[in-house]
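Engineer: coordinates only, sequence not included:
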């Protein structure tokens, strides 16, 4: 799974998500996952994506 596929599973309020719409929120951007019921949060795909991102970073640091 590449990073683009992982980011597609993040909360839509997460700026890393390709579905994040900065123009929609303007200055009032909510925190990701804060009372969110987007499909990714509702089906817990966001949690898995965050864990994959964390593990990838951990692997990169341990490889150095």
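Structural biologist: Cool, got the structure. These numbers come from a predicted model, not from an experiment. Numbers count the residues shown, from 1 in each chain.
Engineer: alpha carbons only for contacts and neighbour counts from here, please
Structural biologist: Will do.
Engineer: what comes into contact with the helix of greatest length in the chain?
Structural biologist: Assignment by DSSP state H gives helix 45-63 as the longest helix of the chain. Residues from elsewhere that reach helix 45-63 (C-alpha atoms under 8 Å, 6 or more residues apart in numbering): 6-7, 9-11, 40-41.
Engineer: can you pull the contacts of residue 7?
Structural biologist: Residue 7 sits in contact with 16-18, 49, where contact means C-alpha under 8 Å, 6+ apart.
Engineer: secondary structure element for the most centrally placed residue in the chain?
Structural biologist: When the chain is reduced to its mean C-alpha position, the nearest residue by C-alpha atoms, centre = their mean turns out to be residue 10, at 2.7 Å. Taking DSSP states H and E as the definition, one finds residue 10 inside no helix or strand.
Engineer: Residue 38 is in contact with that one, correct?
Structural biologist: No. Taking contacts as C-alpha atoms under 8 Å, residue 10 lies outside contact range of residue 38: 9.7 Å.
Engineer: rewinding a little: so which of the contacts of helix 45-63 is surrounded by the most neighbours?
Structural biologist: residue 11 (30 neighbours; other C-alpha atoms under 10 Å).
Engineer: Return the backbone torsion pair for that one.
Structural biologist: With angles defined as degrees, to the nearest 10, residue 11 sits at phi -50, psi 140.
Engineer: again with residue 8
Structural biologist: Here the main-chain torsion angles of residue 8 (degrees, to the nearest 10) amount to phi -60, psi -20.
Engineer: Please report how far it lies from residue 16.
Structural biologist: As for residue 8, its distance to residue 16 is 9 Å (criterion: C-alpha to C-alpha, to the nearest Å).
Engineer: Which one's more surrounded, the two?
Structural biologist: Applying other C-alpha under 10 Å to residue 8 and residue 16 shows that residue 8 carries more neighbours, namely 18 against 14.
Engineer: Could you check how sure the model is about stretch 44-60, as an average pLDDT?
Structural biologist: Taken as a whole, stretch 44-60 has an average pLDDT of 94.
Engineer: picking that back up, next one: the nearest residue to the residue nearest to the centre of the chain once chain neighbours are set aside from residue 64, what distance?
Structural biologist: Closest residue in space to residue 10, ignoring its immediate chain neighbours: residue 46 at 4.5 Å, by C-alpha to C-alpha, 6 or more residues apart in numbering. With distances defined as C-alpha to C-alpha, the gap from residue 46 to residue 64 amounts to 28 Å.
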